[in-house]
Every structure is written in structure tokens, then in C-alpha cells.
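> A predicted structure for the sequence below; I have some questions about it.
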Amino acid sequence: MNELSCDIGIGGMTCASCVSRVEKALSKVPGVSTATVNLATETARIHFAPAEHMEAKLRRAVRDAGYEPVA
């Protein structure tokens, strides 16, 4: 099975602990293998197994962690 990836912009992060919180939230989404967040570019790169509505689940995880997913 091929792994997919996507990038999501994240608004509201201010420090390394924000990065850690978002990475942890994204990693808990079923099917996610890795989630790497970059504070300087305010983006997350997520690698995951193909699944229905995965991008919506990832955006919800960011929102639930207290940050705003950006287009």
C-alpha cells in the first residue's frame, strides 16, 4: 500500500511547545505514520495510509489542539 502525504498550514503557533502539541495531535490520527511541524513556515507535513476524509481528520486534529488549519 502506498503512503500519501499532504501539507497543512497552521496558524497560531508561537513556540516549540506549540509545535510539539500539533505533532502529537496529528500523530494520534489513525493511519498517520509521521507528522513534522515547522514553526518558521507554519506548516505541517503529514505522511499517512490512504483513508477516506483523511485531510478533514487532520484539519480537525489541528483545530482540536487549539490552532487554526490554513488553506
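Now that the structure is in, tell me what you want to look at.
> next one: the residue nearest the centre of the chain, what pLDDT does it get?
By CA atoms, centre = their mean, the chain has its centre lying nearest to residue 26, at 4.5 Å. Per-residue pLDDT puts residue 26 at 98.
> excluding sequence neighbours, find me the nearest residue to it.
Nearest residue to residue 26 in three dimensions, chain neighbours excluded: residue 35, at 3.6 Å (CB to CB, 6 or more residues apart in numbering). Just so you know, the C-beta spots here come from the backbone N, C-alpha and C atoms, and that holds for glycine as well.
> looks to me like the one you found is in a strand.
Yes. Looking at residue 35 with DSSP: H, G, I helix; E, B strand; the rest coil, it is inside a strand.
> what helix or strand does the residue nearest to the centre of the chain sit in?
Using DSSP states H and E, the element containing residue 26 is helix 16-27.
> counting contacts, what elements does that helix pack onto?
The criterion is 3 or more CB pairs under 8 Å, 6 or more residues apart in numbering; DSSP states H and E, and the helices and strands that helix 16-27 contacts are strand 32-38, strand 43-48, helix 54-64.
> out of these, which is closest to residue 20?
With CB to CB as the measure, strand 32-38 is the member of the helices and strands packed on helix 16-27 nearest residue 20 (8.2 Å).
> can you list contacts of the helix holding residue 26?
Applying CB atoms under 8 Å, 6 or more residues apart in numbering, the contact partners of helix 16-27 are 10, 12-13, 32, 34-39, 44, 46, 58, 61-62, 64-67.
> what about burial for these, which qualify?
10, 13, 32, 35, 37, 44, 46, 58, 61-62, 65, 67 (16 or more other CB atoms under 10 Å).
> make TSV out of the helices and strands packed on helix 16-27 and add mean pLDDT and distance to residue 3.
TSV is the format used below for the helices and strands packed on helix 16-27 (pLDDT from 0 to 100; distance: least, CB to CB, whole Å):
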stretch	mean pLDDT	distance to residue 3
strand 32-38	98	6
strand 43-48	98	5
helix 54-64	97	11
